[in-house]
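> Give me a model of this one.
(chains A and B)
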Amino acid sequence: DAGVIQSPRHEVTEMGQEVTLRCKPISGHNSLFWYRQTMMRGLELLIYFNNNVPIDDSGMPEDRFSAKMPNASFSTLKIQPSEPRDSAVYFCASHEAGGLGETQYFGPGTRLLVL
Amino acid sequence: EDQVTQSPEALRLQEGESSSLNCSYTVSGLRGLFWYRQDPGKGPEFLFTLYSAGEEKEKERLKATLTKKESFLHITAPKPEDSATYLCAVLLPGSNYQLIWGAGTKLIIKP
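Here you go, the predicted structure:
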């Protein structure tokens, strides 16, 4: 199994530009998470999808952030417009059906730098 | 307030020098405590889940234990490849998916 796949691995952009991060979860997993990791705040849950439906988006910082999951094998996290404070590593994780939080499998992350 | 605190922030050991990492938590009605390992430039990798006080789990040189207030990750005779950041997390009360994460302990094993 290829594991959770994320792209791009690195992204450098200028303030005000649109950024789209992509994630392919593990086949058969029915839940998907987007996290953000920074030195100051650690790992933060941004949004949680179950069966392609957004269940909890309370962690999404503001309206500049949006996420979609059009099908079971693909999700995007979009930031528009981007700001320097959005610089962080963004992780996607997927989750086996019927399990608790321990079965979250993380992707390699996208390191975002907004100048 | 529900929170998870890990100590120490960083730990340097010589190869073969055993030690323990601590994860203390303040949540009511613990439903699961999780240990992950994170290597630089990679996502967290799941290690263990503990559900109740007294439970222990082992994997190679690692053993995780749980009490009513804290968990320990014991590392026996570590090797340089055990160097990583170890993260602890607990399930938020009332949730079956949201984790409260600790800040992690950065472990460095010197050859």
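> Could you list every helix and strand in contact with the lowest-mean-pLDDT helix or strand in chain A?
Within chain A, no helix or strand scores below strand A:104-106, which has a mean of 91 by mean pLDDT, DSSP states H and E. On a contact count with 3 or more Cβ pairs under 8 Å, 6 or more residues apart in numbering or on different chains; DSSP states H and E, strand A:104-106 meets strand A:88-95, strand B:45-50. Just so you know, the C-beta spots here come from the backbone N, C-alpha and C atoms, and that holds for glycine as well.
> Quick check, the residue in chain A closest to chain B?
Nearest residue of chain A to chain B, counting by Cβ to the nearest Cβ: residue A:106, 3.1 Å away.
> Residue numbers of chain A in contact with chain B?
Proximity of chain A to chain B (Cβ under 8 Å from any Cβ of the partner chain) is limited to residues A:4, A:31, A:33, A:42-43, A:45, A:48, A:50, A:55-56, A:91, A:93, A:95, A:100-109.
> Report the contact partners of the residue in chain B that chain A sits nearest to.
Using Cβ to the nearest Cβ, the single residue of chain B nearest to chain A is residue B:43, 3.1 Å away. Residues in contact with residue B:43 (Cβ atoms under 8 Å, 6 or more residues apart in numbering or on different chains) are A:4, A:91, A:93, A:106-109.
> My understanding was that residue A:51 contacts residue A:30; is that so?
Yes - using Cβ atoms under 8 Å, residue A:51 is in contact with residue A:30, at 5.4 Å.
> anything in contact with each of the two?
residue A:72.
> Settle it for me: which of those two has more neighbours?
residue A:30 (15 against 11; other Cβ atoms under 10 Å in any protein chain shown).
> check contacts around the more buried one.
Taking Cβ under 8 Å, 6+ apart as the criterion, residue A:30 is in contact with A:50-51, A:72, A:95-97.
> Equivalent analysis for residue B:78, please.
Contacts of residue B:78 (Cβ under 8 Å, 6+ apart): B:13, B:15-19, B:61, B:107, B:109.
> And the strands in the chain?
I'll assume chain A. A:5-7, A:10-13, A:19-24, A:31-38, A:42-50, A:53-56, A:65-71, A:74-79, A:88-95, A:104-106, A:110-114 (DSSP state E).
> Not quite, go with chain B.
Using DSSP E, strands in chain B cover B:3-7, B:10-14, B:19-26, B:33-38, B:45-50, B:56-59, B:62-66, B:70-75, B:84-91, B:99-101, B:105-110.
> what would those strands look like in a markdown table with distance to chain A, mean pLDDT and mean neighbour count?
Output for the strands of chain B, formatted as a markdown table (distance: least, Cβ to the nearest Cβ, whole Å; pLDDT from 0 to 100; neighbours: other Cβ atoms under 10 Å in any protein chain shown):
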| stretch | distance to chain A | mean pLDDT | mean neighbour count |
| --- | --- | --- | --- |
| strand B:3-7 | 10 | 95 | 17 |
| strand B:10-14 | 13 | 98 | 13 |
| strand B:19-26 | 13 | 97 | 18 |
| strand B:33-38 | 5 | 95 | 23 |
| strand B:45-50 | 4 | 93 | 19 |
| strand B:56-59 | 11 | 96 | 12 |
| strand B:62-66 | 12 | 98 | 20 |
| strand B:70-75 | 13 | 98 | 20 |
| strand B:84-91 | 5 | 96 | 24 |
| strand B:99-101 | 4 | 92 | 23 |
| strand B:105-110 | 11 | 98 | 17 |
